[in-house]
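**Student:** structure here, sequence nowhere to be found:
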């Protein structure tokens with residue numbers, strides 16, 4: 001019987017320009033799982049770490065940037081992972097970055113692209129990540145009143 005794993009986070013990075021753009025990362029060919037796959041920032045929660053802390057750490061590790069804002073979203077992605085026979089439930093966060101920030105990829109990824117919503121969605125494989133970009137665009141990026149309710153204060157982290 002598969003185990004249920006709550007040890008992953010996913011983060012949609014966006015920047016506000018004339019047309020908002022979303023960051024997609026291409027996994028390195030050296031990765032054992034899903035080499036070459038386009039994805040959003042994702043990674044594991046370390047022992048003793050809160051999910052939002054893991055999101056901030058993964059952003060730094062995978063992109064080298066510090067977000068202007070971090071947002072809780074009403075989304076979780078659920079997927080089965082065959083390598084350890086687990087069903088994974090991962091909270092999805094959104095993070096706004098400065099349009100002038102320079103992305104510095106970790107060894108996990110070989111390429112990145114800043115793309116408008118539909119272009120970003122077309123590169124992604126997983127339905128949950130595609131859906132996340134749509135929801136984040138609608139409720140956070142486009143400055144919906146719900147944006148402020150979802151913002152996680154970074155000043156005390």
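**Tutor:** Happy to help now that I have it. Treat the numbers as computed from the prediction; the structure is a model and nothing was measured. Residues are numbered from 1 along each chain as shown.
**Student:** for the helix or strand residue 24 falls within, name the packing helices and strands.
**Tutor:** Using DSSP states H and E, residue 24 maps to strand 21-27. Contact here means 3 or more Cβ pairs under 8 Å, 6 or more residues apart in numbering; DSSP states H and E; on that basis strand 21-27 packs against strand 8-15, strand 38-39, helix 51-63, strand 109-115, helix 117-123. The way it works is simple: take the backbone N, C-alpha and C, and place the C-beta from them, glycine included.
**Student:** just the mean pLDDT for that strand, thanks.
**Tutor:** For strand 21-27, mean pLDDT rounds to 97.
**Student:** returning to what we had before: so which of the helices and strands packed on strand 21-27 is the most surrounded?
**Tutor:** Highest mean neighbour count among the helices and strands packed on strand 21-27 (mean count of other Cβ atoms under 10 Å): strand 8-15, with a mean of 24.
**Student:** that one: partners in the sheet, and parallel or antiparallel?
**Tutor:** strand 21-27 (antiparallel), strand 41-44 (antiparallel), strand 86-96 (parallel) (DSSP bridges).
**Student:** okay if I get these as a markdown table plus distance to residue 65 and mean neighbour count?
**Tutor:** Formatted as a markdown table, the strands paired with strand 8-15 follow (distance: least, Cβ to Cβ, whole Å; neighbours: other Cβ atoms under 10 Å):
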| stretch | distance to residue 65 | mean neighbour count |
| --- | --- | --- |
| strand 21-27 | 9 | 22 |
| strand 41-44 | 10 | 19 |
| strand 86-96 | 9 | 22 |
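**Student:** in TSV: those strands, plus distance to residue 63.
**Tutor:** TSV is the format used below for the strands paired with strand 8-15 (distance: least, Cβ to Cβ, whole Å):
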stretch	distance to residue 63
strand 21-27	7
strand 41-44	7
strand 86-96	9
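**Student:** tell me which of the ones you listed lies nearest to residue 8.
**Tutor:** Of all those, it is strand 86-96 that lies closest to residue 8, at 3.9 Å by Cβ to Cβ.
**Student:** good, wrapping up.
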